[in-house]
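Chemist: Here's my sequence, what's the structure:
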Amino acid sequence: MNLQRRNMMRMGVTALGLMATTALWPLRALAAAAGLDGAFKADSVDAVFKDLGSTPTESADIDLQTPDIAENGAVVPVSVTSKIPNTDQIMILVEKNPNPLAASFDFAEGTEGAISTRVKIGQTCDVYAVVRADGKFYSARRETKVTLGGCGG
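Modeler: From the prediction side, this is the model:
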C-alpha cells in the first residue's frame, strides 16, 4: 500500500517538473534564438550595452513615453515610436531593475517601429528605449518616478 503511494507521489512530482520545464522552455528558447540571452541576464544597463556590442547613440528621433510619476511600479505604461528608417528592433531597459532589459520587440521590414506595453519598475530611475536600425543602436531615456515599487517596495 505504501509502495503505491510513493510511486504516485514520485510520478506526480515528475509530472510537475516536466510541466514547469515545458512552460519555461519556449521563453528561454526565444531569448536564445534572438541572441539576447546574455542581455536578458545582464545586471546593469552597461552590461546590456556590452552584450549588444555597442553603446547606443542618443537620438531625438525616438519618442519614449512614460508617466512622470507612476503610482504603481508593477504596471507602468511605456510606449516607444521610432522615426529612424529601417528600424528592426526596439528594446526597453529599466535602469535599476535586477535585470534591466525588460522587453525586446522585432519588426519585419517595412513595418512602423512603434510599440506600447507595460513594464515593472522597482524604484525611481531612468527608462531607456534602444532602437536598432541598419545594424546601429540608438537610444532615448526618460526618468520615471515610482511611488510604490513594482518589486514589493
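Chemist: Check whether residue 64 really touches residue 141, as I assumed.
Modeler: Yes: Residue 64 is within contact range of residue 141, at 7.0 Å (criterion: Cβ atoms under 8 Å). Any C-beta I mention is one placed from the backbone N, CA and C, and that applies to glycine too.
Chemist: Look at residue 23 and report its pLDDT.
Modeler: On pLDDT, residue 23 comes in at 71.
Chemist: what number of residues lie near it?
Modeler: By the criterion of other Cβ atoms under 10 Å, residue 23 has 9 neighbours.
Chemist: Please name every helix or strand in contact with the lengthiest strand in the chain.
Modeler: Assignment by DSSP state E gives strand 136-146 as the longest strand of the chain. With contacts defined as 3 or more Cβ pairs under 8 Å, 6 or more residues apart in numbering; DSSP states H and E, the packing partners of strand 136-146 are strand 57-58, strand 62-65, strand 69-70, strand 76-82, strand 125-133.
Chemist: Any chance of these in TSV with mean neighbour count as columns?
Modeler: Shown next, in TSV, are the helices and strands packed on strand 136-146 (neighbours: other Cβ atoms under 10 Å):
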stretch	mean neighbour count
strand 57-58	9
strand 62-65	18
strand 69-70	16
strand 76-82	20
strand 125-133	23
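Chemist: so which of those strands gets nearest residue 10?
Modeler: Evaluated over these, closeness to residue 10 peaks at strand 76-82, with 43.5 Å, by Cβ to Cβ.
Chemist: Residue 39 looks like it's in a helix, true?
Modeler: Yes: under DSSP: H, G, I helix; E, B strand; the rest coil, residue 39 sits within a helix.
Chemist: What is the burial count for it?
Modeler: Residues contacting residue 39 under the criterion other Cβ under 10 Å number 22.
Chemist: Excluding residues flanking it in the chain, which one is nearest it?
Modeler: Excluding the flanking residues, the one nearest residue 39 by Cβ to Cβ, 6 or more residues apart in numbering is residue 51, at 4.3 Å.
Chemist: Output the contacting helices and strands for the host helix or strand of the one you found.
Modeler: Here residue 51 sits within helix 45-52, counting by DSSP states H and E. Secondary-structure packing of helix 45-52 (3+ Cβ pairs under 8 Å, 6+ apart): helix 37-41.
Chemist: Kindly export the helix it packs on (C-alpha atoms) in CSV.
Modeler: The C-alpha trace of helix 37-41 is given here as CSV (Å, rounded to 0.1, in the frame of the first residue of the first chain):
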residue,chain,number,x,y,z
ASP,A,37,20.1,35.6,-23.8
GLY,A,38,23.1,37.3,-22.3
ALA,A,39,21.5,40.7,-22.4
PHE,A,40,18.4,39.5,-20.6
LYS,A,41,20.7,38.1,-17.8
